[in-house]
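> Here is a sequence with its predicted model. Questions after.
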Amino acid sequence: MKLYLSLLCSMLFVLPGEAQNRKELDNRSMEVKKLQTMEVAFITKELNLTPDEAQKFWPVFNQYRNELKSIAKNQTLNDQLEKQQKMLDVRKRYREDFTKVVDQERANKVFGAETEFRNLVRREFQKREAERANFDRRK
């Protein structure tokens, strides 16, 4: 009986925490998907992609992004300059791949649009953080 009660008590305390963690993960996942959707829309607009171009462009861009993430997460690359060089090499290689889908001018704009979107998101997060800090001070 004691075993049964202790199991029941542990479930009462553990399960709500797990449910909360699961809810937080689901919320983060939804936020990431929303950001990805916004990025697709932003870059599509910045590059003025036609539907046909977009259909060809996004799989290439996603491969490019995955390679950059792989380099960024690579724990064996301790030298920051080496890591940046590998990322630059990937960008140069993918610029050529992008020119197979869009013209040279728009292929060059990919990287600027990507940076501009990242900066917009960063500024928005900073703005929201400042608003939250101001709100907390008023309490």
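Perfect, I can see it now.
> contacts, neighbours, all on C-alpha from now
OK.
> Quickly find the element holding residue 66.
Assigned by DSSP states H and E, residue 66 belongs to helix 51-73.
> after that helix comes which helix or strand?
Of the helices and strands lying after helix 51-73 in sequence (DSSP H and E), the nearest is helix 80-99.
> Could you give the number of residues near residue 25?
As a burial measure, residue 25 scores 12 neighbours (other Cα atoms under 10 Å).
> Residue 119 versus that one, what's the distance?
Using Cα to Cα, to the nearest Å, residue 25 is found at 24 Å from residue 119.
> Pass me the low-pLDDT residue ranges in the protein, would you?
Within the chain, the ranges that satisfy pLDDT under 70 run 1-20, 139.
> now for the one helix or strand residue 133 maps to, which elements pack on it?
Residue 133 belongs to helix 104-138 when assigned by DSSP H and E. Here helix 104-138 touches helix 2-47, helix 80-99, going by 3 or more Cα pairs under 8 Å, 6 or more residues apart in numbering; DSSP states H and E.
> buried residues in that helix?
Buried residues in helix 104-138, counting neighbours by 16 or more other Cα atoms under 10 Å, are found at 106, 107, 108, 110, 113, 117.
> now it, how far from the chain's geometric center?
12 Å (Cα atoms, centre = their mean, to the nearest Å).
> With stretch 28-37 instead?
That offset, for stretch 28-37, works out to 8 Å (Cα atoms, centre = their mean).
> Many thanks, I have nothing further to ask.
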